[in-house]
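> Quick one, what's the 3D model for this:
(2 chains)
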Protein chains: 2
Amino acid sequence: MTPQKIVIVGGGFAGLNLAKGLANDERFEVTILDRRNHHLFQPLLYQVASCGLSPADIARPIRQILRHAENVTVLLANAEKVDAEAKQLITSKGPIPYDRLILACGARHSYFGKDQWEEFAPGLKTLTQATEMRRRILSAFENAEAENDLEKRKANLSFIVVGGGPTGVELAGAIGELARHTLKSDFRRINPAEAKILLVEAGPRILPMFDESLAAKAQKQLAELGVEVLTGKGVTNIDAEGVEIAGQRVAAYTVLWAAGVQASKLGSTIAGAEIDRAGRVKVNDHLAVPQHPEVFVLGDMAHCANPEVKDKEGRPMPLPGVAPVAMQQGNYLAEEFRRIASGKQPQAFSYVDKGSMATIGRSRAICQSKGIKMTGFTAWLAWMFIHVYYLVGFTNRFGIIIKWTWNYITFRKSARLIIGKEWRFGRKPD
Amino acid sequence: MTPQKIVIVGGGFAGLNLAKGLANDERFEVTILDRRNHHLFQPLLYQVASCGLSPADIARPIRQILRHAENVTVLLANAEKVDAEAKQLITSKGPIPYDRLILACGARHSYFGKDQWEEFAPGLKTLTQATEMRRRILSAFENAEAENDLEKRKANLSFIVVGGGPTGVELAGAIGELARHTLKSDFRRINPAEAKILLVEAGPRILPMFDESLAAKAQKQLAELGVEVLTGKGVTNIDAEGVEIAGQRVAAYTVLWAAGVQASKLGSTIAGAEIDRAGRVKVNDHLAVPQHPEVFVLGDMAHCANPEVKDKEGRPMPLPGVAPVAMQQGNYLAEEFRRIASGKQPQAFSYVDKGSMATIGRSRAICQSKGIKMTGFTAWLAWMFIHVYYLVGFTNRFGIIIKWTWNYITFRKSARLIIGKEWRFGRKPD
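Numbers count the residues shown, from 1 in each chain, chains lettered A, B, ... in the order given. You can find the predicted model right below:
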């Protein structure tokens, strides 16, 4: 029997779990493509942006993770187009024929049509973006220290995070911690604790996926770290000098974007597939594109209806773009493929919601799971435990526990490096 | 009494040790300038280039190191020119007056007038350069795996290191280890162990600063890791396709530069100072510029005669550009300044040579100190111990011990990331 050609695009949580699930099963010949050589533990990306961890702590080569999976080939390449008629994927390394195609290439930031904002307010999806955020944050304190003009010094010490979801909350909290604790004794002319940190959310409250009482608690914890929260007000403009919020200017040289996301464009190349407003491909309860049952879409790229959560009109909401959804979908599809290959009955995918958590800083977090709510130190410990548990690779895990313990005791953050672009002497692009 | 204005340019081993030595001594008002925000443990930079360590493992913010030194101001700025007449340093943040000026901004790579080679053969002096080397090395293996043309695949699997000093030897050995051990099971179409690694040295032998028997041992250890050593032959050209060695072409898409260095140009702006061929400023035995006794030059930037080592004509040779020289000079100058401030007799600087070491790979190193020679595992342990001992900062040290132990047991290298520039699909600049 010739093995089935399985082609997976994307080495994130969904794609990687699927590949692992099919490892060394001779009925499948798997190719996994990614534009980058590493799997990234995205939930901790904000820690790289805020100097707590190094890129290598949260990333591992896809190749290395799958090195013992003899039936899996890892390919560093760019997927350009799905040719569903001819059953082949067009890539930068030529066309790849498939029996089953799985798209799991995630989402990127969306600026709601204002792409010119990206330069002034980078998003947080890749390691390159995370080190760029880190560079901007640290450079802002450096520039403030050297600045004689009081207005400019203030703008250097102003940080605006746009978007009140978990990423925005975690980023704002981490900057607060950096300013209040980590950098405390480092400067001679400025007091880093005077930094203004503003979290702007257009919706009525931050963390809408959490229970209202928990979101309020998070906001209180943010306030303790000096983070001001502004809700119900949209950002109307962003430029090199700052942000316009509901028409009002706030001077700030560091603006970080944690608002909308847009799914990878690859989905729109599937002939006949239905795409939602966020660019996600609508899939059925087997995660397949209805028009092409041999094409599957997983993770942040998929619009997968969740019958358990309905909107005001009673229609099922799509599953959220979070790591547990992607992981479960990858695992499900591997099992499903094996079931079908063994002649067993196919089963539909159903998501098990184990809860949500967000961390605000040292000893500060919120956590809800099946009616249980936790805040503060207990929630923070739970957060730590789960994130370390799911981290791929032993060295990473162990190294991170040590770093976090050390950071916890000393208030330090160990990766405070300005690298990448050489440090700019002026404030903005020169 | 008004404190003396001490201005230090450069937060490397020399500048940092001087600043630490003057910390909290009220007789001095110290400003330390650097273009980068971090002190870099340069002897381990090759480990970042070869995926063994992360940038943050070997770098710490200068500010953080000196945070409790109340009389020290750290400034992120570019030093542009010395105005020795007016006793001020011209910087990107304006002029800074000084009573005593110390230049310790090190050296950069020199391509012997062939600056166009830099693009094809990056040097190894900064973290940005190290991650760029890492990107090139890992991308070469990736491109080889995806390449169908046999000639091109071979050129992708060919690595040339130019320069047989410690850096060149350590780099070549680390690439050998990566190819032979770390990447062993990672690829499906290529065998990484077939990589050709060539170390080219124009002089008669590698590691000229070591005893001949040790250098021969190092060459044997390199051979065990698949590194071919070519001595007595100069590189005559470098381009995107490879290298010309003594007129003969070798196809190789990855070429790394570890040959000549050139001291920072700042030295040449000191009016009347004598500059040697490598751009170093000649200093007297108090490390001062004879024409300006209040201007001092330390470390790789200084041409400091060593009366104990003479050339063939019997003239004293300059001290080598290594970390122990820079450290001792920084410490000496701090003591000297304090001596003079206390009204004691000035003393001349004298270098204590504690020996040299180079590591070739796992369990492979050479080491010589005061007539004692070591090789293999013992030398490697000594190398580990000394490098960990001198690393600034506890987390770094502890984290590195764990990484190295883990890497030692598993043959793994934990920082195999292609980041910075997004991965290029073509082979060369597109």
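> ok, which stretches of chain A are helices?
Along chain A, the segments classed as helices by DSSP state H run A:13-21, A:45-49, A:62-65, A:127-146, A:150-156, A:166-177, A:212-224, A:323-341, A:376-390, A:394-410.
> quick one: A:Gly226 and chain B, what's the gap?
20 Å (CB to the nearest CB, to the nearest Å). C-beta coordinates here come from the backbone N, C-alpha and C atoms, glycine included.
> so what's that residue up against?
A:Gly176, A:Ala179, A:Arg180, A:Ala193, A:Ala195, A:Ile197 (CB atoms under 8 Å, 6 or more residues apart in numbering or on different chains).
> is it possible to export those residues to JSON lines including distance to chain B?
Output for those, formatted as JSON lines (distance: CB to the nearest CB, whole Å):
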{"residue": "A:Gly176", "distance to chain B": "19"}
{"residue": "A:Ala179", "distance to chain B": "14"}
{"residue": "A:Arg180", "distance to chain B": "15"}
{"residue": "A:Ala193", "distance to chain B": "14"}
{"residue": "A:Ala195", "distance to chain B": "16"}
{"residue": "A:Ile197", "distance to chain B": "20"}
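> Just the buried residues of these.
In terms of neighbour count (16 or more other CB atoms under 10 Å in any protein chain shown), the buried residues within the contacts of A:Gly226 are A:Gly176, A:Ala179, A:Arg180, A:Ala195, A:Ile197.
> show me what contacts the third one?
When contacts are counted by CB under 8 Å, 6+ apart, A:Arg180 touches A:Pro192, A:Ala193, A:Leu225, A:Gly226.
> packing partners for the top strand by length along chain A?
Using DSSP state E, we find that the single longest strand of chain A is strand A:302-310. On a contact count with 3 or more CB pairs under 8 Å, 6 or more residues apart in numbering or on different chains; DSSP states H and E, strand A:302-310 meets strand A:281-283, strand A:316-318, helix A:323-341.
> ok, back up a step: the helices of chain A: lowest mean pLDDT?
Note on the helices of chain A: helix A:394-410 shows the lowest mean pLDDT, a mean of 72.
> List the buried residues in that helix.
Buried-residue list, helix A:394-410, by 16+ other CB under 10 Å: A:Thr395, A:Asn396, A:Arg397, A:Phe398, A:Gly399, A:Ile400, A:Lys403, A:Trp404, A:Trp406, A:Asn407.
> So, low pLDDT: which residues of chain A?
Residues of chain A meeting the criterion pLDDT under 70: A:392-396, A:420-430.
> So for it, the centremost residue is which one?
A:Gln42 (4.6 Å; CA atoms, centre = their mean).
> Contact partners for that residue?
Neighbour list for A:Gln42: A:Gly12, A:Phe13, A:Lys125, A:Ala323 [criterion: CB under 8 Å, 6+ apart].
> next one: A:Gly94
Counted by CB under 8 Å, 6+ apart, A:Gly94 has zero contacts.
> make it 10 Å
A:Ala77, A:Gln88, B:Ala146, B:Asn148 (CB atoms under 10 Å, 6 or more residues apart in numbering or on different chains).
> ok, now A:Ala341?
With CB under 10 Å, 6+ apart, A:Ala341 has these contacts: A:Met1, A:Pro3, A:Gln4, A:Leu22, A:Asp25, A:Arg27, A:Phe28.
> ditto for A:His39
Applying CB under 10 Å, 6+ apart to A:His39 gives the contacts A:10-13, A:15-16, A:58-66, A:392-393.
> do that again at 8 Å, thanks
A:His39 touches A:Gly11, A:Gly12, A:Leu16, A:Ala59, A:Arg60, A:Pro61, A:Ile62, A:Ile65, A:Val392, counting by CB under 8 Å, 6+ apart.
> again with A:Ala179
Taking CB under 8 Å, 6+ apart, one finds A:Phe141, A:Pro192, A:Ala193, A:Ala195, A:Ile197, A:Gly226 in contact with A:Ala179.
> Pick out the residue in the stretch 301-430 of chain A sitting closest to chain B.
A:Ala415 (3.8 Å; CB to the nearest CB).
> wait, isn't that residue in contact with A:Gly52?
Yes: under the criterion of CB atoms under 8 Å, A:Ala415 makes contact with A:Gly52 at 6.8 Å.
> just how off-centre is stretch A:21-41 within its chain?
20 Å (CA atoms, centre = their mean, to the nearest Å).
> Quick one: end-to-end distance for that stretch.
Separation of the first and last residues of stretch A:21-41 by CA to CA, to the nearest Å is 18 Å.
> quick one: buried residues of it?
Per 16+ other CB under 10 Å, stretch A:21-41 contains these buried residues: A:21-23, A:25, A:27-41.
> and these, which of them are in strands?
A:Phe28, A:Glu29, A:Val30, A:Thr31, A:Ile32, A:Leu33, A:Asp34, A:His38, A:His39, A:Leu40.
> which ones are touching the third one?
Neighbour list for A:Val30: A:Ile6, A:Val7, A:Ile8, A:Ala19, A:Leu22, A:Ala23, A:Ala69, A:Asn71, A:Val72, A:Thr73 [criterion: CB under 8 Å, 6+ apart].
> Any idea what the first one is bridged to?
For A:Ile6, the beta-bridge partners are A:Val30, A:Arg100 (DSSP bridges).
> Verify the contact between it and A:Ile102 for me.
Yes: under the criterion of CB under 8 Å, A:Ile6 makes contact with A:Ile102 at 7.1 Å.
> Among those two, which residue is more densely surrounded?
Each of A:Ile6 and A:Ile102 has its neighbours counted (other CB atoms under 10 Å in any protein chain shown); A:Ile102 has more, 29 against 26.
> dump the residue contacts of the more buried one.
A:Ile6, A:Val7, A:Ile8, A:Val9, A:Ala14, A:Gly15, A:Leu18, A:Val295, A:Phe296, A:Val297, A:Leu298, A:Leu333.
> can I assume the last one is in contact with A:Leu298?
This points to A:Leu333. Yes: with contact defined as CB under 8 Å, A:Leu333 counts as touching A:Leu298 (6.8 Å).
> which residues do the two both contact?
A:Leu18, A:Ile102, A:Leu287.
> which residues touch the last one?
Translated: A:Leu287. Contact analysis of A:Leu287 by CB under 8 Å, 6+ apart lists A:Phe296, A:Val297, A:Leu298, A:Ala302, A:Cys304, A:Gln329, A:Tyr332, A:Leu333, A:Phe349.
> Near the last one, how many other residues are there?
In other words, A:Phe349. Using other CB under 10 Å, A:Phe349 has 20 neighbouring residues.
> wait, doesn't it sit right on A:Asn306?
No: if you go by CB under 8 Å, A:Phe349 and A:Asn306 don't touch, sitting 10.3 Å apart.
> Just flag the most distant two among the buried ones among the contacts of A:Gly226.
Farthest-apart pair in the buried ones among the contacts of A:Gly226 is A:Arg180 and A:Ile197; separation 9.6 Å (CB to CB).
> mind checking how far A:Ile270 is from chain B?
22 Å.
> Could you measure from that residue over to A:Pro346?
21 Å (CB to CB, to the nearest Å).
> Who has more neighbours out of these two?
The neighbour count for A:Ile270 versus A:Pro346, taken as other CB under 10 Å, is higher for A:Ile270 (21 against 9).
> List the contacts of that one.
Here A:Ile270 is in contact with A:Val82, A:Ala84, A:Leu103, A:Val281, A:Val289, A:Gln291, A:His292, A:Val295 (CB under 8 Å, 6+ apart).
> Can you lay out these as JSON lines showing distance to B:Glu244 and neighbour count?
Shown next, in JSON lines, are the contacts of A:Ile270 (distance: CB to CB, whole Å; neighbours: other CB atoms under 10 Å in any protein chain shown):
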{"residue": "A:Val82", "distance to B:Glu244": "45", "neighbour count": "26"}
{"residue": "A:Ala84", "distance to B:Glu244": "50", "neighbour count": "20"}
{"residue": "A:Leu103", "distance to B:Glu244": "46", "neighbour count": "31"}
{"residue": "A:Val281", "distance to B:Glu244": "52", "neighbour count": "25"}
{"residue": "A:Val289", "distance to B:Glu244": "54", "neighbour count": "25"}
{"residue": "A:Gln291", "distance to B:Glu244": "57", "neighbour count": "12"}
{"residue": "A:His292", "distance to B:Glu244": "53", "neighbour count": "17"}
{"residue": "A:Val295", "distance to B:Glu244": "50", "neighbour count": "25"}
